[in-house]
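[1] I would like the atomic coordinates for the input below:
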Amino acid sequence: MFQSALRLIYPPRCVSCGEMVERDFALCMTCWGQMDFIAGLVCDCCGTPLPGEDGGTPEYCDDCLARPRPWSHGRAALLYRDKARKMVLSFKHADRTELARPAAEWMLRAGRAILTPGMVVAPVPLHRWRLLRRRYNQAALLSQALAEGAGLAHIPDLLIRRRKTRVQDGMGAEQRFANLAGAIAVHPRHRERLRDRTVLLVDDVMTSGATLSVAAEACLAAGAREVRILVLARVAKAS
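    A predicted model of the protein is given here:
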C-alpha cells in the first residue's frame, strides 16, 4: 500500500532523460535505442565489437593482438561515445551514484560468459587523495553491485594505489603505461585470499588498458591464478 502510494507521488523515471518508465533504474525506449550496447562478435580479451558473426572461437581486436594483455578474458557493456559517454561522465563526476545499479545489470549481461563460480570481484582503486576529493570510487560501486548480482565474493580494497598518478586524459597509450608503472599493488592483508583464485577486475572505462594491465599484473604477482576484466564502457570504434 505504502509502495503504491509512493509510486504515485514519485513514479519511476528514466535514469538518462527523466521520462516516466515502468520500473526503477531503467531507461526509456528512446534512450535505450540511443545507447551503444555491445552485442554480437566481440574481442575475447577486451570486449570491443568486431565485424562478422560469432563462430564460437575466440577472436581478438587489433589492440589486443598488438599488445598482449596480462588478463585472459574481458567484456564491456557499452561503447564509450554519445549518450553512453555522457552517462558515464555523470556517474563519475556528477554524483550520479544511483547509476551503479543499472550499469551493473548491463555489465552482468555483457559478462556472463566470463564469470565463474568462486571468482573474486574487485575494483580498480583510486588514490586516497583522489577518493577524498571525489568522495566515492565509481569502480567500487560497480563492482559491489555486480558481485551482489552474480553472487560472488567482493573485496573492495583488494588493490591499493601506492602513489598518485597524473590524470591520463589526453595521453597516448605509451604515456599511460609509463604513468601507471608500479602504481597499483595488492593490499597485504588480502594476499592469502587471492592465492590461486580467479579475479574479476571491474572499472568504468577502458581506453588503452594501462590501468587494468597494472592492476592485473599486481594480482598475478600476488598469487592469483587468473585475471579477467569487466568494464562498463570501452573506448573503441563501432564495427
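[2] State the distance from residue 221 to residue 139.
    If you measure residue 221 against residue 139 using CB to CB, to the nearest Å, the figure is 20 Å. All C-beta spots, glycine's among them, are computed from the backbone N, C-alpha and C.
[3] brain fart, residue 198
    Residue 198 sits 18 Å away from residue 139, going by CB to CB.
[4] Please apply the same query to residue 207.
    Separation of residue 207 from residue 139 (CB to CB): 14 Å.
[5] who's more crowded, those two?
    Summary of the neighbour comparison: residue 207 and residue 139, criterion other CB atoms under 10 Å, with residue 139 having more neighbours (26 against 18).
[6] A helix includes the more buried one, no?
    Yes. Counting by DSSP: H, G, I helix; E, B strand; the rest coil, one finds residue 139 located in a helix.
[7] I figured it was touching residue 206, is that so?
    No. With the criterion set as CB atoms under 8 Å, residue 139 and residue 206 do not qualify as a contacting pair; they are 11.1 Å apart.
[8] which residues in this structure form helices?
    Using DSSP state H, the helices assigned to the chain run over residues 2-9, 29-34, 62-66, 82-93, 100-111, 128-134, 138-150, 173-180, 191-194, 210-221.
[9] Using TSV, lay out the ones you listed together with mean pLDDT and distance to residue 159.
    What follows is the helices of the chain, written out as TSV (pLDDT from 0 to 100; distance: least, CB to CB, whole Å):
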stretch	mean pLDDT	distance to residue 159
helix 2-9	46	39
helix 29-34	92	33
helix 62-66	93	22
helix 82-93	92	18
helix 100-111	96	18
helix 128-134	71	13
helix 138-150	96	10
helix 173-180	68	12
helix 191-194	90	10
helix 210-221	94	6
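[10] among those, which is nearest residue 72?
    Between residue 72 and these, the tightest spacing by CB to CB is seen for helix 210-221, at 9.2 Å.
[11] Skip the chain neighbours and tell me the closest residue to residue 42.
    Distances taken as CB to CB, 6 or more residues apart in numbering put residue 49 closest to residue 42, at 5.6 Å, once the chain neighbours are dropped.
[12] what's the burial count for that neighbour?
    The burial metric for residue 49, expressed as a neighbour count using other CB under 10 Å, is 20.
[13] With residue 153 instead?
    As a burial measure, the neighbour count of residue 153 was computed by other CB under 10 Å and equals 14.
[14] Now do the contacts for it.
    Shown here is residue 153, whose contacts under the criterion CB atoms under 8 Å, 6 or more residues apart in numbering are 118, 119, 120, 121, 147.
[15] List the contacts of the third one.
    It stands for residue 120. Applying CB under 8 Å, 6+ apart, one finds that residue 120 lies in contact with 152, 153, 154, 155, 158, 193, 194, 197, 198, 199, 200.
[16] do that again at 6 Å, thanks
    If a contact means CB atoms under 6 Å, 6 or more residues apart in numbering, then residue 120 has 153, 155, 197, 199 as its contacts.
[17] Relative to residue 195, how far out is the second one?
    If I follow you right, that is residue 155. 13 Å.
[18] Can you lay out the contacts of residue 153 as JSON lines showing distance to residue 21?
    Shown next, in JSON lines, are these (distance: CB to CB, whole Å):
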{"residue": "118", "distance to residue 21": "36"}
{"residue": "119", "distance to residue 21": "32"}
{"residue": "120", "distance to residue 21": "34"}
{"residue": "121", "distance to residue 21": "28"}
{"residue": "147", "distance to residue 21": "26"}
